[in-house]
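[1] Curious how this folds, go ahead:
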Amino acid sequence: MSRFLNVLRSWLVMVSVIAMGNTVQSFRDHSFLSEKLYTGTPEFVNGLQARTFGIWTLLSSIIRCACAIDIQNRTLYHITLWTFVLALGHFLSEAFIYKTAPLTIGVMAPLLVASFSIIGMLIGFQCFPEIQEETGARQKKRN
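    Have a look, this model is predicted:
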């Protein structure tokens, strides 16, 4: 396994652990979301929305941790990449379309994490040539 994939695995574990902390915070006190993320319209944040956000964050955390464990699983790798794309899309739309999350440090942090993660995972695709060759060999045998 390449050195880059090992660094990416560590990054995914770190992001996953942080997300688990955010999950706990979302369940413990929903004011966390109105004070740190959705400061544009804090009246929209309630317990149900916070728990939904917490479950979404927990699911993303589990997927990212599973990818870190089995980073050569291409399907899991793609799903993990999509968790970051969805997070980026969510926070960008909340900031620029719905205007519920102004660009504070609480919003910039997930935007940066998602952006760097997407870039890192796209670069990580270059570390999979041996898997692509195996797939090509299997397809040749079928033909």
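[2] Check which helix or strand the residue most central in space within the chain maps to.
    The centre of the chain sits closest to residue 84, judged by CA atoms, centre = their mean, with a distance of 3.5 Å. Here residue 84, judged by DSSP states H and E, is contained in helix 74-96.
[3] same deal with residue 124?
    Assigned by DSSP H and E, residue 124 belongs to helix 105-124.
[4] do residue 39 as well
    For residue 39, there is no enclosing helix or strand under DSSP H and E.
[5] Quick check: the closest residue to residue 121 other than its chain neighbours vs residue 38, distance?
    The spatial neighbour of residue 121 that comes closest, neighbours along the chain excluded (CB to CB, 6 or more residues apart in numbering), is residue 81 at 4.6 Å. Quick note: C-beta positions are derived from backbone N, CA and C, even for glycine. Distance of residue 81 to residue 38, computed by CB to CB, to the nearest Å: 25 Å.
[6] So for these two, which residue has more residues nearby?
    Per other CB atoms under 10 Å, whichever of residue 81 and residue 38 has more neighbours is residue 38, with 22 against 18.
[7] Can you give the contact residues for the helix holding residue 84?
    Contacting residues not belonging to helix 74-96 are listed as 12, 37-38, 60, 63-64, 66-67, 70-71, 100-103, 107, 110-111, 113-115, 117-118, 121-122, 124, 128, 131 [CB atoms under 8 Å, 6 or more residues apart in numbering].
[8] how about it as PDB, C-alpha atoms only?
    The C-alpha coordinates for helix 74-96 follow below in PDB (Å, rounded to 0.1, in the frame of the first residue of the first chain):
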ATOM      1  CA  ARG A  74     -13.300   0.600  -4.200                       C
ATOM      2  CA  THR A  75     -17.100   0.600  -3.600                       C
ATOM      3  CA  LEU A  76     -16.600   1.800   0.000                       C
ATOM      4  CA  TYR A  77     -14.000   4.300  -1.200                       C
ATOM      5  CA  HIS A  78     -16.600   5.800  -3.700                       C
ATOM      6  CA  ILE A  79     -19.300   5.900  -1.000                       C
ATOM      7  CA  THR A  80     -16.800   7.600   1.400                       C
ATOM      8  CA  LEU A  81     -16.000  10.200  -1.300                       C
ATOM      9  CA  TRP A  82     -19.700  10.900  -1.700                       C
ATOM     10  CA  THR A  83     -20.100  11.500   2.000                       C
ATOM     11  CA  PHE A  84     -17.700  14.400   1.600                       C
ATOM     12  CA  VAL A  85     -19.300  15.700  -1.600                       C
ATOM     13  CA  LEU A  86     -22.700  15.700   0.200                       C
ATOM     14  CA  ALA A  87     -21.300  17.500   3.200                       C
ATOM     15  CA  LEU A  88     -19.700  20.100   1.000                       C
ATOM     16  CA  GLY A  89     -22.900  20.500  -0.900                       C
ATOM     17  CA  HIS A  90     -25.000  20.800   2.300                       C
ATOM     18  CA  PHE A  91     -22.800  23.500   3.900                       C
ATOM     19  CA  LEU A  92     -22.400  25.400   0.700                       C
ATOM     20  CA  SER A  93     -26.200  25.400   0.100                       C
ATOM     21  CA  GLU A  94     -26.900  26.400   3.700                       C
ATOM     22  CA  ALA A  95     -24.300  29.300   3.400                       C
ATOM     23  CA  PHE A  96     -25.100  30.600   0.000                       C
END
